[in-house]
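Colleague: what shape does this take:
(2 chains)
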Amino acid sequence: MIHNDIQKLIQDALETLDLHTEVVLEHPSDLEHGDFSSNVAMVLAKEAGQNPRELAEKIVSAIKPNEYVEKTEVAGAGFINFYLSEQFFTQKTHTILQKAEKWGASDIYKGQTILIEHSSPNLFKPFHIGHLVNNSLGEALVRIISFSGADVIPLSFPSDVSPGIAKAVWAILDKNWQDELTIERIGEAYVHGVAEYENHKEEIDAINTSLYNKEENTPQWEVYTKGRALSEKYFLDITKRLGSHFDAFIFESESEAQGKRIVKENTPKVFQESDGAIIFKGSEYGLFDNVFINSAGFGTYLAKDLGLLSLKFTKYTFDASVTVTDIEQKQHFQLVKKAASLIEPQWAEKSEYIQHGRLALTSGKISSRDGGVPLAEDIIDSVKERALVRMRESDRGENEETAESIALSAIKYAIVRVGMGKNIIFDLEQSLALEGDTGPYLQYTYARANSLLEKGNADTVAQVYDRAGLAITDIERLLYRFPSVVERAAQEYEPHYIANYLAELASVYNTWYAHEQVLDGGETQKYKLALTHAVAQTLKNGLQLLSIDTPAQM
RNA sequence: GUCCUCAUAGUUCAAUGGAUAGAACAAGCCCCUCCUAAGGGCUAGAUCCAAGUUCGACUCUUGGUGAGGACACCA
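Modeller: Alright, predicted model coming up:
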């Protein structure tokens, strides 16, 4: 790795000067400042009693020459900047083309099995805009961590028993929809049930009890099984449309039974009885008290999540369990994890709960079937329509499949470009635009590059070494960084590093494209095509990690 | 009330304790008789407030202010 090589060069230089510190090496934020930069001189200046710039000069003159380093210079307050050589970049372009779809992969998680839980639906409730956030980030993490060498098991945890479901089931019966049930009607029924709960409390609670107890051969059970099947199919359809698949499902009904058992077995050791319910005194650990088993005898979502955690361990063997959820559940999971640690320490040690921000809407131009939160499908369809309009206006014509891919890319990219913890403001007009820092911009850049490759006979580029005098481009200064960006995203569970990197790469390439004619028939054409190919490959691999397609044309 | 997040151009987001805080959208202007104008170029515009730590703070600490969330039988 070039990073380690340069680190070693500095380390060796420091030793000859009898200086000792950890060498921090980073990419300067500005490409003008070189390819790598170190602040060692500034760190050491005080204890060495020297001016940072003078010390930096001394270190620089002690650095041995290296074939991949063109020049080393002192800049700013005492930074030592490294400029890589033409030879390095030329070889790198070749490496990228050789590695092809493996370019950017690493083995940092090699030998590890990681369970990633995301996109857990509430059956009987529609898949709305919030689920899009969870799915996009969850799916990106699945792909990134898997590309980094882990064996990933994507898992979903559908809620199939809850008072909310009882409300929907009651409403279906109330509206007499059981014989002609559709997914739309289930959505409407849920809204109706919630609204009518206070007026039909006893009936609905009775249905809830009967569903928790799995009382078959009742009208509600029949409606429930029918609705549940429809809901599951709907979930599988929408997640498939979004590009996700799951290797495992654990249902809440199962985790509720398991969680209840564990809570009872650990009362009063870990849990206490209080007002007819069983609670965990989180307040003794700086958290808060809350109910695990309610006074009706059913596990709450705390018991369900505890049960889920234990079921993961009985069903699978893994090194880490990662759960992707909304930030509003942060304290909920702290409580679950604390209780788990008191029962079986490894449950807590091996589990990690990561949160993404909440999603808020600014302008709500998209119609919503239940009048509240916009549904995932409505949003996708509405962006897709925009893409189709754009296609009609251009001379390349309409393409249904490409429009779908563009719509998904606009939505996913808007979500995934933002850092994990932060709330996401969805301005449907702006976030889902098709221009600027968007998914379609990256796809467009790819399609453009692809078009050049087709015209320029790209088959030969894999053998290209000779840059025919072409000066080092900013494109190359970014390209070789891709694997380290992926690695950082994988280690920190932060897909947005990849999104931002790809946007920067695309921008630099587009600038170059506007000033340089690739297919000029001259000496440099081959290398320029090789570069184009390397950019296309990097965009493709990176977008793939974000679950965004790269249409050949658009 | 207690606890947890967050606060950067008009807007939506970037920025491993580093250099002149970087983009995009919106605004104004320019570029298709050359490879995809969903593109490129130029102009203007920001770190909530106050202390502190540090050679260096958007970033760390403390105290404010503002927004969102969690806090007993919904998930």
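
Colleague: can you give me the strands in chain A?
Modeller: For chain A, the strands defined by DSSP state E cover A:25-26, A:36-38, A:69-75, A:79-84, A:113-117, A:151-156, A:248-249, A:272-274, A:277-281, A:289-293, A:320-326, A:351-356, A:359-361, A:424-426.

Colleague: so what's the residue in the stretch 51-200 of chain A positioned nearest to RNA strand B up against?
Modeller: When Cβ to the nearest atom of the strand is the measure, the stretch 51-200 of chain A has its nearest residue to RNA strand B at A:G76, with 2.8 Å between them. Heads up, the C-betas are built off the backbone N, CA and C, glycines and all. By Cβ atoms under 8 Å, 6 or more residues apart in numbering, A:G76 lies in contact with A:H33.

Colleague: phi first, then psi, for it.
Modeller: A:G76 has phi and psi values of phi 60, psi -140 when expressed as degrees, to the nearest 10.

Colleague: A:S136 is in contact with A:V416, isn't it?
Modeller: Yes: A:S136 is in contact with A:V416 according to Cβ atoms under 8 Å; the separation is 5.5 Å.

Colleague: who touches both of the two?
Modeller: The contact sets of A:S136 and A:V416 overlap at A:L546 (Cβ under 8 Å, 6+ apart).

Colleague: neighbours of A:D30, how many?
Modeller: 8 (other Cβ atoms under 10 Å).

Colleague: hmm, I was thinking of A:R53
Modeller: 17.

Colleague: so what pLDDT did the residue of the stretch 51-200 of chain A closest to RNA strand B get?
Modeller: With respect to pLDDT, A:G76 has a value of 91.

Colleague: so how far is RNA strand B from A:H33?
Modeller: A:H33 sits 4 Å away from RNA strand B when distances are taken as Cβ to the nearest atom of the strand, to the nearest Å.

Colleague: next, count neighbours for that residue.
Modeller: Other residues within reach of A:H33, judged by other Cβ under 10 Å, total 17.

Colleague: that one contacts A:N81, correct?
Modeller: Yes: because the distance of 5.5 Å satisfies Cβ under 8 Å, A:H33 is recorded as touching A:N81.

Colleague: so where's the stretch 1-150 of chain A shaky on pLDDT?
Modeller: Applying pLDDT under 70 to the stretch 1-150 of chain A flags no residue at all.

Colleague: the domain parsing of chain A - what is it?
Modeller: Domains of chain A are assigned by automatic domain parsing as A:2-84, A:163-242, A:376-545.

Colleague: just send those domains back as a markdown table, with distance to A:S274 too.
Modeller: Listed next are the domains of chain A as a markdown table, based on distance: least, Cβ to Cβ, whole Å:
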| stretch | distance to A:S274 |
| --- | --- |
| domain A:2-84 | 52 |
| domain A:163-242 | 21 |
| domain A:376-545 | 33 |
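
Colleague: may I have stretch A:235-242 as PDB, with CA atoms only?
Modeller: Coordinates of the C-alpha atoms in stretch A:235-242 are reproduced here as PDB (Å, rounded to 0.1, in the frame of the first residue of the first chain):
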ATOM      1  CA  PHE A 235     -42.900  -6.500   1.500                       C
ATOM      2  CA  LEU A 236     -41.000  -8.900  -0.600                       C
ATOM      3  CA  ASP A 237     -42.100  -7.200  -3.800                       C
ATOM      4  CA  ILE A 238     -41.100  -3.700  -2.700                       C
ATOM      5  CA  THR A 239     -37.800  -4.800  -1.200                       C
ATOM      6  CA  LYS A 240     -37.100  -6.700  -4.400                       C
ATOM      7  CA  ARG A 241     -37.900  -3.600  -6.400                       C
ATOM      8  CA  LEU A 242     -35.400  -1.700  -4.200                       C
END
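
Colleague: list the contacts of the residue nearest the centre of chain A.
Modeller: Among the residues of chain A, A:L137 comes closest to the average C-alpha position under Cα atoms, centre = their mean, at 3.0 Å. By Cβ under 8 Å, 6+ apart, the contact set of A:L137 is A:118, A:324, A:356, A:415-416, A:420, A:495.

Colleague: so which of those wins on neighbours?
Modeller: Of the contacts of A:L137, A:P495 is surrounded by the most neighbours, 30 neighbours in total, counting by other Cβ under 10 Å.

Colleague: give the contact list for the nearest residue to that one once chain neighbours are set aside.
Modeller: Taking Cβ to Cβ, 6 or more residues apart in numbering, and ignoring the residues beside it in sequence, A:P495 has A:A140 as its nearest neighbour in space, at 3.9 Å. By Cβ under 8 Å, 6+ apart, the contact list for A:A140 reads A:412, A:416, A:495, A:498, A:545-547.

Colleague: tabulate the strands of chain A in a markdown table, adding columns for distance to A:R488.
Modeller: Output for the strands of chain A, formatted as a markdown table (distance: least, Cβ to Cβ, whole Å):
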| stretch | distance to A:R488 |
| --- | --- |
| strand A:25-26 | 12 |
| strand A:36-38 | 15 |
| strand A:69-75 | 23 |
| strand A:79-84 | 20 |
| strand A:113-117 | 17 |
| strand A:151-156 | 18 |
| strand A:248-249 | 28 |
| strand A:272-274 | 44 |
| strand A:277-281 | 36 |
| strand A:289-293 | 36 |
| strand A:320-326 | 17 |
| strand A:351-356 | 15 |
| strand A:359-361 | 25 |
| strand A:424-426 | 21 |
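
Colleague: of those, which approaches A:L502 most closely?
Modeller: Taking Cβ to Cβ as the measure, the strands of chain A were each checked against A:L502, and strand A:424-426 came out nearest at 18.6 Å.

Colleague: what's the closest one packed up against?
Modeller: Judged by 3 or more Cβ pairs under 8 Å, 6 or more residues apart in numbering; DSSP states H and E, the packing partners of strand A:424-426 are strand A:359-361, helix A:400-416.

Colleague: what angle sits between the longest one and strand A:351-356?
Modeller: For helix A:400-416 against strand A:351-356, the angle between stretch directions is 100 degrees (axes from the mean of the first three to the mean of the last three Cα atoms, to 10 degrees).
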